[in-house]
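Only the shape, not the letters, is given here:
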Ligand code: SF4
Ligand code: FES
């Protein structure tokens, strides 16, 4: 049955710690962050930090400041700090996004609430295990499959190239898939390594569509055959959370609709 | 490589995806027609309603309504089962019960309609 309660040991305890402001700090704001250490025998908790926001512009800056100046045990993932690598995706004030491109000025006045991406196994604090997400990406064969090998390069007209705009820019941050209720219910069904009765999720389907739209690709039929499945594709119910949250401004919902249209057209 | 998994793809879903949308479209005018028919017979006695149901101009849209409605209902319920029931055996059983219920009740409704038509 559908799980309406959290798995054992994942309920948030009331034992969160409070980190008061440094002496003389101005411009204070409270930042509440989900903490979980798999090696400690405790349930997750929410720690509360009073942070001086002077000179801070992005949410990632806040996290780095906390780690550097207040609490070095805080764990999160980041690399490029400019919205290119996708590592810093997390749930900020209720919506998945990239910490490095989310400006503090977009977040109003109140407390900040920072959680890991929803419905993924937590490795530590804000770091989630995305193996299953990557497995789904691999499953749609996200690479060119052409029958012939040209002498130099696979050529493409400008118009055909334009069809890939809005599709190829995905950085695989997983914000979209992990914001989708259908993905929460059915995104992790198959046994390890296989995808059976499992929804692939918006990110993988966006990439599937990216290759379906590529004029140089010859595997269209095999790709559609793979996707034509009650679970892999048709668990999408056009909820549109994916499009709402994508920090790169992409539209996975439209891509999924595009795949469904291709299915209908081929009958 | 991943695409070798093609064999385990169920190759289904598109048929019900299309049927769900066609029946939804059909049901809009048919439900309006049904409501209109019911409202205009408020206060009518059994014989009047019976005669209305037996009329060929009623039988055709009513038959279409029943077919579309039960088909739509079966697919809708199936979606809910697929979304929320994760144990494969339980899911198969509920899917079977769902189809069985829709065919049975839809069949009874359809048969009742025809028997009114041909006995009136
Ligand atoms: S589509 Fe957007 S939200 Fe989804 S993984 Fe790609 S960049 Fe992230
Ligand atoms: S750190 Fe690379 S996307 Fe945020």
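Sure, I can see it. In this text the structure is predicted, and so the values were computed from the model without any measurement. Ligands and ions are numbered 1, 2, ... in the order given.

just the strands in chain A please.
Here chain A has its strands, by DSSP state E, at A:18-19, A:28-35, A:45-52, A:89-92, A:95-98, A:112-115, A:122-124, A:127-128.

Next, count neighbours for the residue lying closest to residue A:195 once chain neighbours are set aside.
Distances taken as C-beta to C-beta, 6 or more residues apart in numbering or on different chains put residue A:139 closest to residue A:195, at 5.3 Å, once the chain neighbours are dropped. For every residue, glycine as well, the C-beta is placed using N, CA and C. Applying other C-beta atoms under 10 Å in any protein chain shown, we find 23 residues neighbouring residue A:139.

Would you mind measuring from residue A:139 to ligand 1?
From residue A:139 across to ligand 1, the span is 15 Å (C-beta to the nearest ligand atom, to the nearest Å).

these two touch, right, that residue and residue A:205?
No - with contact defined as C-beta atoms under 8 Å, residue A:139 does not reach residue A:205; the gap is 10.6 Å.

how about the strands of chain A in JSON lines, adding mean neighbour count and distance to residue A:261?
Formatted as JSON lines, these follow (neighbours: other C-beta atoms under 10 Å in any protein chain shown; distance: least, C-beta to C-beta, whole Å):
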{"stretch": "strand A:18-19", "mean neighbour count": "12", "distance to residue A:261": "52"}
{"stretch": "strand A:28-35", "mean neighbour count": "19", "distance to residue A:261": "39"}
{"stretch": "strand A:45-52", "mean neighbour count": "19", "distance to residue A:261": "44"}
{"stretch": "strand A:89-92", "mean neighbour count": "24", "distance to residue A:261": "29"}
{"stretch": "strand A:95-98", "mean neighbour count": "22", "distance to residue A:261": "27"}
{"stretch": "strand A:112-115", "mean neighbour count": "20", "distance to residue A:261": "35"}
{"stretch": "strand A:122-124", "mean neighbour count": "17", "distance to residue A:261": "37"}
{"stretch": "strand A:127-128", "mean neighbour count": "19", "distance to residue A:261": "32"}
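
Make a markdown table from those and add distance to residue B:118 and mean pLDDT to it.
As requested, those are exported to a markdown table (distance: least, C-beta to C-beta, whole Å; pLDDT from 0 to 100):
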| stretch | distance to residue B:118 | mean pLDDT |
| --- | --- | --- |
| strand A:18-19 | 80 | 97 |
| strand A:28-35 | 68 | 97 |
| strand A:45-52 | 70 | 97 |
| strand A:89-92 | 63 | 98 |
| strand A:95-98 | 60 | 98 |
| strand A:112-115 | 65 | 98 |
| strand A:122-124 | 66 | 96 |
| strand A:127-128 | 64 | 98 |
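
can you tell which of the ones you listed is closest to residue B:115?
With C-beta to C-beta, the closest approach to residue B:115 among those belongs to strand A:95-98: 57.0 Å.

quick one, what contacts residue A:86?
A:98, A:171, A:172, A:173, A:174 (C-beta atoms under 8 Å, 6 or more residues apart in numbering or on different chains).

What score does the residue lying closest to it once chain neighbours are set aside have for pLDDT?
Closest residue in space to residue A:86, ignoring its immediate chain neighbours: residue A:173 at 3.4 Å, by C-beta to C-beta, 6+ apart. We have a pLDDT of 98 for residue A:173.

can you check residue B:120 too?
Here the pLDDT value assigned to residue B:120 is 67.

got it, and residue B:37?
pLDDT at residue B:37 comes out at 94.

Taking the centroid of chain A, which residue is nearest it?
For chain A, the residue nearest the mean C-alpha position is residue A:174 (1.8 Å; C-alpha atoms, centre = their mean).

Can you report phi and psi for it?
The phi/psi pair for residue A:174 (degrees, to the nearest 10) reads phi 80, psi 10.

ok, the closest residue to it other than its chain neighbours - how many residues close by?
Nearest residue to residue A:174, sequence neighbours excluded (C-beta to C-beta, 6+ apart): residue A:133, at 5.0 Å. Other residues near residue A:133 number 23, with proximity taken as other C-beta under 10 Å.

Identify the residues contacting residue A:133.
A:120, A:172, A:174, A:177, A:178, A:201, A:203, A:204.

remind me which residues of chain B are low pLDDT?
B:1-11, B:120 (pLDDT under 70).

Looking at it, which helix is longest?
helix B:88-119 (DSSP state H).

Give me the mean pLDDT for the lengthiest helix in chain A.
In chain A, taking DSSP H as the definition, the longest helix is helix A:252-266. The average pLDDT within helix A:252-266 is 97.

Which residue, other than its chain neighbours, is closest to the residue nearest to the spatial centre of chain B?
Centroid check for chain B by C-alpha atoms, centre = their mean gives residue B:70 as the closest residue, at 1.3 Å. Take residue B:70 and drop its neighbours on the chain: the residue closest to it by C-beta to C-beta, 6+ apart is residue B:106, 3.3 Å away.

what's near enough to touch that neighbour?
Residue B:106 makes contacts with B:66, B:67, B:69, B:70, as judged by C-beta under 8 Å, 6+ apart.

Columns distance to ligand 2 and secondary structure on top of those, output as CSV?
Output for the contacts of residue B:106, formatted as CSV (distance: C-beta to the nearest ligand atom, whole Å; DSSP: H, G, I helix; E, B strand; the rest coil):
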residue, distance to ligand 2, secondary structure
B:66, 55, helix
B:67, 52, helix
B:69, 49, helix
B:70, 50, helix
